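1. pasted the sequence and its predicted model underneath.
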Amino acid sequence: MEPRWTTTVLLVPCAVVVAAALLYVYSLVLALLSKSSVRNKVVLISDALSSLGKECSGIFHKGGARLILCGKSWEKLQELSDDLLNNSDPSATFLPKLVLLDFGDTETLPEAVTEILECYGCLDVLILNSSMKLKAPAYTLSLAMDKLLMDNNYFGPVTLAKGVLPSMMSRRSGHLLVVNSIQGKLAVPFRTSYAASKHAIQAFFDCLRSEVEGSGISVSTINVTFISSCASGKQKDTAAKSFWSYLYTKKPLGVSPREAAGEVAKTLTNKRKEVLMVPSLPKAALYARSFFPNLFFAVMAAGVKDATNTKM
């Protein structure tokens with residue numbers, strides 16, 4: 001073997017090892033920065049009882065954040081708080097504050113906002129991760145269900161954001177982070193009301209970003225296909241496996257709660273305005289919707305027909 005080929009063969013594995021080492025060091029540095037970015041800061045998680053909320057609670061509690069945990073069940077919030085306290089160093093962490101919060105009950109939101117601001121007198125980070133999901137043909141949904149979806153996915157989060165904004169603006173500091181569905185950017189069949197609510201909140205915070213940037217407030221959105229209930233993010237096998245079904249009837253591979261929480265922590269550090277945590281197919285659909293709308297709509301229509309034939 002020629003000397004140059006020998007050198008090349010030796011350099012390739014060395015380069016791989018060096019790259020892996022650099023990625024490992026980068027992840028460690030990022031983890032440290034994520035923890036330091038929330039230390040002593042007041043962080044509110046709107047749905048601390050969800051899988052993502054629990055992961056974020058664990059990360060930020062250990063990172064020294066002053067947590068305000070929100071949810072619909074007081075007993076479950078207490079259980080979560082006890083778990084956090086039992087698995088952390090009390091000398092380096094703070095006792096979480098608990099607030100009952102139900103976006104579906106809009107009449108209680110002003111009182112909840114007041115209680116939230118009274119916890120520490122201010123708020124540094126607002127994480128809006130609450131969501132109500134629904135899949136059904138449009139003609140089967142009542143107006144009451146449409147309103148309930150909008151209350152949970154749009155009016156509730158927006159009311160909370162508006163309630164804490166004056167405090168952030170007066171301090172010229174704050175970060176609003178929304179964990180939203182990819183359907184805030186891409187509408188697919190049988191998700192009419194759900195996609196409408198997600199488009200609404202996406203548009204609201206895209207507009208708000210420019211309005212408050214001059215006041216020192218950051219606004220970030222993280223769009224995901226969905227938060228997987230299993231760590232691997234793998235989906236169960238189904239009978240229908242056509243190309244169309246993966247685009248709109250069957251969920252593309254989601255992200256695990258741990259991955260999503262890591263991205264939330266990273267975004268609070270680097271203050272990225274927009275993050276897409278989606279596989280290649282939904283990304284391709286987004287581009288197709290923008291540049292080839294007729295093709296996109298044809299694919300959607302073919303998907304509905306394909307799904308109907310599969311059920312028959």
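-> That came through fine. Numbering: from 1, shown residues only.
2. now the helices for this protein?
-> 3-38, 51-62, 74-86, 109-120, 143-150, 156-171, 192-212, 243-248, 257-270, 280-291, 293-311 (DSSP state H).
3. mean pLDDT lowest where, among those helices?
-> Among those, helix 243-248 carries the lowest mean pLDDT, at a mean of 47.
4. returning to that earlier point: packed most tightly, which of the helices of the chain would that be?
-> helix 51-62 (a mean of 22; mean count of other CB atoms under 10 Å). Every C-beta, even on glycine, is put in place using the N, C-alpha and C of the backbone.
5. remind me what that helix packs against, helices and strands.
-> helix 3-38, strand 42-45, strand 66-71, helix 74-86, helix 257-270 (3 or more CB pairs under 8 Å, 6 or more residues apart in numbering; DSSP states H and E).
6. that helix versus strand 66-71: what angle between them?
-> Put simply, helix 51-62 runs at 160 degrees to strand 66-71, going by axes from the mean of the first three to the mean of the last three CA atoms, to 10 degrees.
7. what distance separates helix 51-62 from the centre of its chain?
-> Chain-centre distance of helix 51-62: 13 Å, with CA atoms, centre = their mean, to the nearest Å.
8. one more: stretch 143-156?
-> Mean-position distance between stretch 143-156 and its chain equals 19 Å (CA atoms, centre = their mean).
9. stretch 298-307 too?
-> A distance of 28 Å separates the centroid of the chain from that of stretch 298-307, by CA atoms, centre = their mean.
10. which ones are touching Val42?
-> Applying CB atoms under 8 Å, 6 or more residues apart in numbering to Val42 gives the contacts 65-66, 68, 119-120, 122-125.
11. the same query, at a cut-off of 7 Å, please.
-> Neighbour list for Val42: 66, 68, 120, 122-124 [criterion: CB atoms under 7 Å, 6 or more residues apart in numbering].
12. dig out what it forms beta bridges with.
-> Taking DSSP bridges as the rule, Val42 bridges to Arg66.
13. roughly how far does it sit from Gly163?
-> 14 Å (CB to CB, to the nearest Å).
14. just to revisit the earlier point, out of the contacts of Val42, who has the most neighbours?
-> Using other CB atoms under 10 Å as the neighbour criterion, Leu123 leads the contacts of Val42 with 27 neighbours.
15. I figured that residue hits Val164, correct?
-> Yes: using CB atoms under 7 Å, Leu123 is in contact with Val164, at 4.9 Å.
16. what is in contact with these two at once?
-> 116-117.
17. re earlier: so can I have CSV of the contacts of Val42 showing distance to Thr108?
-> Formatted as CSV, those follow (distance: CB to CB, whole Å):
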residue, distance to Thr108
Arg66, 23
Ile68, 16
Tyr120, 21
Cys122, 22
Leu123, 18
Asp124, 24
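18. just curious, which of these is nearest to Ser57?
-> Ile68 (10.3 Å; CB to CB).
19. just give the nearest non-adjacent residue to the closest one, would you?
-> Leu44 (4.2 Å; CB to CB, 6 or more residues apart in numbering).
20. what residues are up against Lys76?
-> By CB under 7 Å, 6+ apart, the neighbours of Lys76 are Leu49.
21. next one: His199
-> Counted by CB under 7 Å, 6+ apart, His199 has contacts Gly184.
22. hmm, try it at 10 Å
-> Contact analysis of His199 by CB atoms under 10 Å, 6 or more residues apart in numbering lists 153-154, 180-181, 183-187.
23. fine by me, we can end here.
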